[in-house]
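Visitor: predicted coordinates and the sequence they were generated for:
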Amino acid sequence: MLPELDDNELVRLFKDTQHREKAFTSIVKKYQEKIYWQVRRIVITHQDADDVMQNVFIKAWNGLNNFREDAKLYTWIYRIAVNESLTYLEQQKRRSSVSFDDVSESLENKLQSEKGFDENKAIWKLQLAVQQLPEKQRIVFNLRYFDEMPYEEMGIILDTSVGALKASYHHAVKKIEEYILNH
């Protein structure tokens, strides 16, 4: 692994075939945990998150040579992670030929079967409430609430306006509050 280098230097080293593997290993080590938790909040289980993470870093490896650096490296990888997570959920939905509500219920069941689940604990209640949200609101809420991501950066990742993201977040918060108060 390379010493702590900034993202621009890691990208430059990656594009030099002699240092490609070390640079990519450093990138993975730098971002894997943050990316993992974002993916996990979308797909819920550890096993599913691991599957998605493999795809995320394969796509990052394959696309990094063409990375234009008009966004931050982290933002670029994050976008791949969100897209891969959504693709994974869409594949799950198609495989089982069910509606989004059924997929949402399946995600809720997976959450409830997680080790340590206790629906009386606030964090579990929050997670259950988040699972009730429509897909886009769930992603916006996760990015803003858990990752404290600025709306501008979310806009780049999700290719959505800041105003639309603020509205989605506001609606998500209201729905979560309502769910928690009623359950």
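Guide: Now that the structure is in, tell me what you want to look at.

Visitor: got the buried residues for stretch 61-78?
Guide: Neighbour counts using 16 or more other CB atoms under 10 Å place 64, 67, 73, 74, 75, 76, 77, 78 of stretch 61-78 among the buried residues. All C-beta spots, glycine's among them, are computed from the backbone N, C-alpha and C.

Visitor: what about it, distance to the chain center?
Guide: Centroid separation for stretch 61-78 versus its chain: 16 Å, with CA atoms, centre = their mean, to the nearest Å.

Visitor: likewise for stretch 57-74?
Guide: The gap between where stretch 57-74 is centred and where its chain is centred comes out at 16 Å by CA atoms, centre = their mean.

Visitor: report the rounded mean pLDDT for it.
Guide: Mean pLDDT, computed over stretch 57-74, is 92.

Visitor: stretch 161-169 now?
Guide: With pLDDT averaged residue by residue, stretch 161-169 scores 96.

Visitor: what does stretch 85-93 give?
Guide: Taken as a whole, stretch 85-93 has a mean pLDDT of 86.

Visitor: send me it as CSV with only the CA atoms.
Guide: Output for stretch 85-93, consisting of C-alpha atoms alone and laid out as CSV, is shown next (Å, rounded to 0.1, in the frame of the first residue of the first chain):
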residue,chain,number,x,y,z
SER,A,85,-27.2,-0.8,-5.3
LEU,A,86,-30.2,0.4,-7.2
THR,A,87,-29.4,-2.0,-10.0
TYR,A,88,-29.1,-4.9,-7.5
LEU,A,89,-32.5,-4.0,-6.0
GLU,A,90,-34.0,-3.8,-9.5
GLN,A,91,-32.6,-7.3,-10.4
GLN,A,92,-34.0,-8.7,-7.1
LYS,A,93,-37.4,-7.2,-8.0
